[in-house]
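[1] Quick one: sequence plus predicted model below, questions after.
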Amino acid sequence: MTTANRLNAAIDRLSVWLIREAAAVLPTHREWGKALEAEVPAVEGSAARLRFAVACSFALLRTAALNACRGRIADPASTSLAFALGCVTAIVDLQSGSRSALRLMLGVGCFALGVMTPRAAWRWGVWATLGLPVVIAITRDHGPYTYDRADVWLPLLPCIALALLGASIRRLSSRRILMPALLLGLASVTSSADAQAAVRPASHALTRQDLAAFADSIFASYMRRYAEPSLALIVVHGDSVFFQRGYGFEDARSRRPVDPDSTLFNIASISKLITATAAMQLVERGKLELDRDVNSYLPEDRRIEPGARPITLRQLLSHTSGLDGPFMRDVVARPELLVPLATYFAMYPARRGRPPGGEIRYSNHGMALAGHIVELVAGGSLAGYADSSIFGALGMRRSTFVQPPPPALAARVATAGSGPVPNALLPYPAGSMVSTAADMGRFMHAHLNGGLVHSRTGSARILADSTVRRMHARQWSAEPRLSGVALGFFESDLGGEQGLFHTGARTHFSLLYLLPERRVGIFLVHSMRQGGEFRTLRTDFVRGFAHRYFGNATVARAGRRPLHPHSAARFAGVYRPILFASTTIERAARLGTDTRVTAHDDGSLSIAIPGGPRLQLVEIDSGLFRVSYGTEQGTTVAFTTDGDGSVGRMALAGNTQDPVSFERLAWYERGKLHASLLAGAFLLFLSCAVTGVVRLATFLIHRWRGRQDPVEPPPQRWAWRAAVLTSALVVLAPISVAAIVLTHTGDDTAADNLRFGLTVGLTLLLVGATLGATLVPFAIHAQRRRYWSPARRAYYLMLAIAGMLSLPLLGYYNLLGYRF
């Protein structure tokens, strides 16, 4: 055997050994490790095999760390080890860009250091605490290492305390420490190179027993963490219900367990899928046309205003109509206040906000309008049509759009952890439906089996196979390589597994996910108040399900291909998501949505989304990027160019997140600039109002004491009074809104109170803006006549300028008037 052959054999043995040792950290990973070991010989090239092994080992260790963080490892030694792995992973791999997650990892890392070396806990803890922030500070602007300076100082004291606490835990064996350290060290080297993505085959056969164990492991920590939530899961496969289970209690008082067959949940926006299915039934029968102007179906008092291009049913069902709905006019405090859809759309007709067909913008109003068109064409209400043509045909006996549900159904609506539905929905086709997990399983069967459902009593068809395929086909995407939207459904890509999904969020949170090629459907719903936690839960379950049972050719991390700095710079800038209405006060929400794309020195990109983690992007194709770290891993980002070749749009599509389009902003369009100008003007007016109050109090005190203050000439007196009154009105506007809303927090009439509060606030603002227009001539007059001191004249001029600059901004954000 030649030296080269011996070297190759040694590398092969090393590769297998790395995977085997990493898989040994968790017993549940051994089968996965064996499957990965079998893949090593298939990788061409010794160096490639070693990189493959290191990437697989790193993925195994990272999963062990995540399992420890979620409380799935009972052994204290394994837990401490996994926490240590999580700490190093956070520094090397930066799975999360958020400061809180990084501090947590630093803290548990020092705890693990105390566990590993009890006698040197002080030394290790202090050095780790001081050394890691220094590394962060040095590398904070390079590559994926992007932090705020607060990350350098805030972990210090907690880390020292945790290092001492960890010293009380028994010492781990040196073998279990050195092996992960070696793996992580190798991984940190290869992860920054153009390493190949590790192939991850299916690690488990899809059996009911294994799926039950997997579901229990995912949901157990969530059930312990929150106060008695209700949760139901159903998985259908082929023609049968493969698995269904309830977790928690339907009602906290009676302690009745959740039953997937009889416990009802508000499925919220998943109702849109039933509405879209009803519309497609009428399309199939020739009563509706997807590409016909919807105004041809609507009476004159409910028609959409004319535009350059007609709005079609296809656009309503794919959220590309560009329609604006009314602001805060979609709920009423009690079901008795509900009105028919005909009355609702006569009162609040849809308005054009953006050109139709241009981009995806989620629209409750548009989908409700599609439901109303179904009513007009079919006759009767959509609720009645769904009962007869969908629910009745599929045997969905415990599903309804009716508000409130019939007493027999209302008594079984889950209330544990959430309470009853607080209000009734006016555009009910968009989100009023209640159903059980079992009923939604029947609905998924219909969409997975070409519109046909088999049962013990026979078969039922709600759609032709060709209509189902038409409904599942892509209708629009920001970029051909990016997931888009079908008719009612959103597309998803889980590492090569193409899926269709929809989510719901109201009193309960829900997810319906279809894998049509696999003929698998998942419906998950829970009653926890923590919607953000459910987003993590649903992503963990669906992504874990696909990876566990089907495997993927591209599941492991994508290799890192940094752009040239000059190439990356063309994508950098500030973008704004296209989410909010353009014709109502909702437009003001744009002020806080500036999303910054940053190009780093090494050519990499990162995205800072307001209120979310910083996303680190890896280029996978020209203009196409994927998030490779953190809870948003797998989210795809695409940049598109305008006619002149400049980057003008960005689009984002996640695993179970609706696609979102972004538009690039010029410097003068940025919400942060506008918010800063408005905040500066508000502070000026606040200072003037406070000064006016102080002067008034001084005047009253002097008058009470019999002192006579000098009297200013009328022009000066009226100029100052106009400024003080304007300032008082401007300052009182947001205060009045907050006071009215906060005094009714949690009330069933909260939506009505918000509208009333906004009406009061906008009235004060409108009067203040009108009065503020007089400040300009007063300021000019003061400059010409030279009354007041130079400082006071300058202050008054600043007030006038602030008022003039604020007016166009307030008008742009629909804050002048009652744009509901």
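    Yes, it's here.

[2] other SSEs contacting the longest strand seen in the chain?
    The residue-count maximum for a strand in the chain (DSSP state E) belongs to strand 240-251. Judged by 3 or more C-beta pairs under 8 Å, 6 or more residues apart in numbering; DSSP states H and E, the packing partners of strand 240-251 are helix 208-225, strand 230-237, strand 256-257, helix 437-448. Heads up, the C-betas are built off the backbone N, CA and C, glycines and all.

[3] hmm, what's the outermost residue in the chain?
    G706 (63.8 Å; C-alpha atoms, centre = their mean).

[4] Could you tell me how far R792 is located from P714?
    17 Å (C-beta to C-beta, to the nearest Å).

[5] what inclination does the longest strand of the chain have with respect to helix 437-448?
    150 degrees (axes from the mean of the first three to the mean of the last three C-alpha atoms, to 10 degrees).

[6] Now find how far off-centre strand 240-251 is within its chain.
    Relative to its chain's centre, strand 240-251 lies at 26 Å (C-alpha atoms, centre = their mean, to the nearest Å).

[7] Can you list the buried residues in the helix or strand V453 falls within?
    Counting by DSSP states H and E, the element that carries V453 is strand 452-455. Neighbour-count burial for strand 452-455 flags L452, V453 (criterion: 16 or more other C-beta atoms under 10 Å).

[8] And stretch 643-654, by the same measure?
    For stretch 643-654, by 16+ other C-beta under 10 Å, it's V647, G648, R649, M650, A651, L652, A653, G654.

[9] Now for this structure, the helix or strand with the poorest mean pLDDT.
    helix 174-191 (a mean of 37; mean pLDDT, DSSP states H and E).

[10] Enumerate every residue touching the residue most central in space within the chain.
    Nearest to the mean C-alpha position of the chain, counting by C-alpha atoms, centre = their mean, stands Q657 at 6.3 Å. By C-beta atoms under 8 Å, 6 or more residues apart in numbering, the contact list for Q657 reads R535, T635.

[11] Could you tell me whether it really is in a helix?
    No: counting by DSSP: H, G, I helix; E, B strand; the rest coil, Q657 is not found in a helix; it is coil.

[12] helices or strands next to the helix or strand containing V737 in the packing?
    Following DSSP H and E, one finds V737 within helix 714-742. Applying 3+ C-beta pairs under 8 Å, 6+ apart, one finds that helix 714-742 contacts helix 671-704, helix 750-772, helix 775-785, helix 790-812.

[13] State the three-state secondary structure for L524.
    Following three-state DSSP, the label given to L524 is strand.

[14] can I get the buried residues of stretch 643-654 in a markdown table with pLDDT and distance to D621?
    Shown next, in a markdown table, are the buried residues of stretch 643-654 (pLDDT from 0 to 100; distance: C-beta to C-beta, whole Å):
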| residue | pLDDT | distance to D621 |
| --- | --- | --- |
| V647 | 91 | 15 |
| G648 | 90 | 19 |
| R649 | 92 | 17 |
| M650 | 95 | 15 |
| A651 | 94 | 14 |
| L652 | 91 | 16 |
| A653 | 89 | 14 |
| G654 | 78 | 18 |
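
[15] Looking at those, which one is closest to Q315?
    Closest approach between these and Q315, by C-beta to C-beta: A651, at 17.6 Å.

[16] Helix or strand for the closest one, just tell me which one.
    Taking DSSP H and E as the criterion, A651 maps to strand 647-653.

[17] and that strand, what does it pack onto?
    For strand 647-653, the contact count by 3+ C-beta pairs under 8 Å, 6+ apart identifies strand 490-494, strand 636-641, strand 660-664 as packing neighbours.

[18] domains of this protein?
    Following automatic domain parsing, one gets these domains for the chain: 3-191, 209-549, 565-665, 671-812.

[19] Of all those, which one is nearest F820?
    Of all those, domain 209-549 comes closest under C-beta to C-beta, at 4.7 Å.

[20] from the middle of its chain, how far away would the closest one be?
    That offset, for domain 209-549, works out to 18 Å (C-alpha atoms, centre = their mean).

[21] Rounded mean pLDDT for that domain, please.
    For domain 209-549, mean pLDDT is 90.

[22] Could you tell me the end-to-end distance of that domain?
    13 Å (C-alpha to C-alpha, to the nearest Å).

[23] before we move on, what about stretch 310-327?
    The first-to-last residue distance of stretch 310-327 comes to 23 Å (C-alpha to C-alpha).

[24] Stretch 334-342 too?
    Stretch 334-342 end-to-end distance (C-alpha to C-alpha) = 19 Å.

[25] Stretch 644-664 too?
    14 Å.

[26] and M444, what does it touch?
    Taking C-beta under 8 Å, 6+ apart, one finds V236, L512, L514, G521, F523 in contact with M444.
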